[in-house]
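# Have a look at this fold, sequence not included:
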Ligand SMILES: NC(=O)c1ccc[n+]([C@@H]2O[C@H](COP(=O)([O-])OP(=O)(O)OC[C@H]3O[C@@H](n4cnc5c(N)ncnc54)[C@H](OP(=O)(O)O)[C@@H]3O)[C@@H](O)[C@H]2O)c1
């Protein structure tokens, strides 16, 4: 609040200075008054635009938890009385769509907000683990490329800016994130597009694609989708052959991921929680590409290199989840698939004494 | 018993603190992170003057926040707190959180401040046994005098309590009535004790604290509740009743530690 007063004060002083300057140069009030009117109008427009962007669905979509309902942060816990959760899961998009606890008799939270790296998982764990009961279970979702590192940037940092304590944000992005949060107009072209969309009424919330109990894609579409996913991953990680050895760059990335996973596991175990690796299923269209050789190079060798005895539940193997009707594309489970899958994971965890 | 002052503005705090002092409260809790340490100082000095209460009768607890631990200038931080609180010393100075990578060094710096007399007692809030172990392994010169943690019938924290008792450390219990959440308000055993002793549920819980040896640090913004909360010295719970109240324990923490202290 104080800062706002200072800003208004500086603004007023500057205007008085402008007025005095105009008086001295032009010996008249008029140019100064016109200038001030222009100034006030442009400021009002700018603030109006900024507010429009800030309240847009587009802007909300840049945040991992705009409604404070996904993570037990300071806002969440003051609204909710539930504590001592049995389980949480970490992970990226495939975890987001794989776990749905609504019909399970457990207190659980899905902490995946979509595209999210293992480093984000670790930060989320550091910031929110207290919601777990003593000896609570932590599902670490292992996806095809969890074992190699991914470059992240400002947008990734910004996603968690309002969720995590600021100390968890990479120092190089802290000021930028703070500024973008207050003045999203600084997003430039994207902000302008958003204003236009709001004005023409096209800033609606994106529909939840997963909210279905069937796969909307045809056979051909599924094949094409799987091929596109593979091409995108190959491009992202500079991979020529999915069955070839790791590139030097991915070897380095592997080292980073081993270190992060070990820190995460140490953190979990030091606090008395119980970690478990879960490899979610993928449709047969995508599984075609994830041969045994691929799985050994990208998944199993990684899990071995971590050198910790963490139970593994692998649902990518076998044909239990081959039915394309359980997915909404070639990779992610739809609502029905997620409920069936989650039920199975909960039963398996209970069988292992982890629930 | 300690009255809280957090997140109150001047007008409200003045009303609450004056009412509290009038009905017998003498201890007050604040922290740098509550953003109103200076208001606490202003209100306390005004109330002490108006009610003719000497400083020695007042017990002030304040805390160093995480960002001050990161800054590291702990000796400077006590000066700021003293200036805010308009006093020459604080009665109890706590480290608010065992902030990872900093808390051991912070404690060692607090020990130096203790020697200067600017804090009559030092300690910490929100420590688990693992934090004490690490700190003690690193070596301490002064045994903490006081520890503050969340404690109420749904979180009895017996391990920490017996650790503190064994080490002669005083315990302040924050959120002592667990914010009167529905599970507390509707607990049968509390309701029946309340009927038996013609006391409110809050009074039964505060008495439970008193008999267990934990000093409640409660918050209320309503003067009438202050009178209620201090009216706990005219009845006794039996040992069985103490155990019955303690049986509500489910390690329920209203305040989620890691949300305030990442890496906790
Ligand atoms: N060291 C730490 O990290 C830490 C963390 C959390 C809290 N604390 C300290 O502990 C203090 C208390 O904690 P808290 O506020 O979380 O919990 P609390 O004292 O257990 O509960 C406060 C709530 O209980 C209500 N209340 C008070 N007396 C009552 C009565 N006799 N009957 C019914 N309701 C009553 C108050 O409402 P009204 O205002 O309407 O009366 C308020 O909403 C804080 O203010 C703070 O100073 C320290």
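Great, that's in hand. These figures come from a predicted structure and were not determined experimentally. Numbering: from 1, shown residues only, chains lettered A, B, ... in the order given.

# what about the residue of chain A found nearest the ligand, is that helix, strand or coil?
Per CB to the nearest ligand atom, residue A:78 is where chain A lies closest to the ligand, at 9.7 Å. Where you see a C-beta, it was placed from the backbone N, CA and C, and this is true even at glycine. Three-state call for residue A:78 (DSSP: H, G, I helix; E, B strand; the rest coil): helix.

# One more: the one 3 residues further on?
Using three-state DSSP, the secondary structure recorded for residue A:81 is coil.

# Next one, pLDDT for residue A:124 please.
The model reports residue A:124 with a pLDDT of 98.

# And the one 10 residues further on, by the same measure?
Taken from the predicted model, the pLDDT recorded for residue A:134 is 96.

# which stretch of helix or strand covers it?
Element membership for residue A:134, per DSSP states H and E: strand A:132-141.

# related to what we said a few turns ago, distance-wise, check the residue of chain A closest to the ligand relative to residue B:96.
18 Å (CB to CB, to the nearest Å).

# Residue A:196 too?
Counting by CB to CB, the gap from residue A:196 to residue B:96 is 47 Å.

# higher neighbour count, the two?
More neighbours surround residue B:96 than the other of residue A:196 and residue B:96, with 24 against 11 (other CB atoms under 10 Å in any protein chain shown).

# residues touching the nearest residue to that one once chain neighbours are set aside, list them.
In space, residue B:96 comes closest to residue B:63 once its chain neighbours are excluded; the distance is 4.0 Å by CB to CB, 6 or more residues apart in numbering or on different chains. By CB atoms under 8 Å, 6 or more residues apart in numbering or on different chains, the contact list for residue B:63 reads B:30, B:31, B:32, B:33, B:93, B:94, B:95, B:96, B:125.

# Which pLDDT value goes with the residue in the stretch 51-200 of chain B that chain A sits nearest to?
As assessed by CB to the nearest CB, chain A sits closest to residue B:181 within the stretch 51-200 of chain B, at 5.4 Å. Looking at residue B:181, its pLDDT stands at 97.

# surely it meets residue B:248?
No: if you go by CB atoms under 8 Å, residue B:181 and residue B:248 don't touch, sitting 11.6 Å apart.

# Of these two, which one has the most company?
Neighbours were counted for residue B:181 and for residue B:248 using other CB under 10 Å; residue B:248 has more, 21 against 15.

# what about residue 84, how many residues close to it?
Since you didn't name a chain, this refers to chain A. Neighbours of residue A:84 using other CB under 10 Å come to 15.

# oops, I was thinking of chain B
That count, for residue B:84 with other CB under 10 Å as the rule, works out to 18.

# Report all helices and strands that the helix or strand harbouring it contacts.
Here residue B:84 sits within helix B:74-85, counting by DSSP H and E. Here helix B:74-85 touches helix B:37-51, strand B:59-64, helix B:66-71, helix B:103-116, going by 3 or more CB pairs under 8 Å, 6 or more residues apart in numbering or on different chains; DSSP states H and E.

# interface residues of chain A facing chain B?
A:72-74, A:77, A:81, A:83-84, A:123, A:126-131, A:133-134, A:164-165, A:167-168, A:267, A:270 (CB under 8 Å from any CB of the partner chain).

# Which of these fall within strands?
Mapping the residues of chain A next to chain B onto strands (DSSP state E) picks out A:133, A:134.

# Mind checking which of the residues of chain A next to chain B are buried?
Buried by 16 or more other CB atoms under 10 Å in any protein chain shown: A:72-73, A:77, A:83, A:123, A:126-131, A:133, A:164-165, A:167-168, A:267, out of the residues of chain A next to chain B.

# Now for residue 169: which residues touch it?
Let's take chain A. By CB under 8 Å, 6+ apart, residue A:169 lies in contact with A:157, A:160, A:161, A:177.

# wrong chain, I was asking about chain B
Contacts of residue B:169 by CB under 8 Å, 6+ apart are B:123, B:143, B:144, B:145, B:146, B:147, B:163.

# swap in residue B:99?
Counting by CB under 8 Å, 6+ apart, residue B:99 touches B:66, B:69, B:70, B:106, B:261, B:263.

# how far away is the third one from residue B:106?
Between residue B:70 and residue B:106 the computed distance is 10 Å (CB to CB).

# More neighbours: which of these two?
Shown here are residue B:70 and residue B:106; by other CB under 10 Å, residue B:106 has more neighbours (24 against 12).

# Does the more buried one touch residue B:73 like I think?
No: assessed by CB under 8 Å, residue B:106 is found out of contact with residue B:73, at 10.7 Å.

# Need the residues touching each of those two.
What both residue B:106 and residue B:73 touch, as defined by CB under 8 Å, 6+ apart, is an empty set.

# which among the contacts of residue B:169 gets closest to residue A:276?
residue B:163 (31.4 Å; CB to CB).

# now the residue lying closest to residue B:251 once chain neighbours are set aside, which residues is it bridged with?
Distances taken as CB to CB, 6+ apart place residue B:155 nearest to residue B:251, at 5.8 Å, with adjacent residues excluded. Counting by DSSP bridges, residue B:155 is bridged to residue B:152.

# Compute the number of surrounding residues for residue B:155.
Residue B:155: 20 neighbours (other CB under 10 Å).

# what sits against it?
Counted by CB under 8 Å, 6+ apart, residue B:155 has contacts B:178, B:249, B:250, B:251, B:252, B:253.

# and the fifth one, helix, strand or coil?
Yep, that's residue B:252 we're talking about. Classification of residue B:252 using three-state DSSP returns coil.

# In this structure it contacts residue B:178, no?
Yes: checked against CB under 8 Å, the pair residue B:252 and residue B:178 is within contact range at 7.2 Å.

# quick one: common contacting residues for those two?
Between them, residue B:252 and residue B:178 share these contacting residues under CB under 8 Å, 6+ apart: B:154, B:155.

# for chain B, which spans come out with low pLDDT?
Applying pLDDT under 70 to chain B flags no residue at all.

# Show me what from it comes close to chain A.
Within chain B, the positions adjacent to chain A are B:66, B:70, B:130, B:181-183, B:250-260, B:262-264 by CB under 8 Å from any CB.
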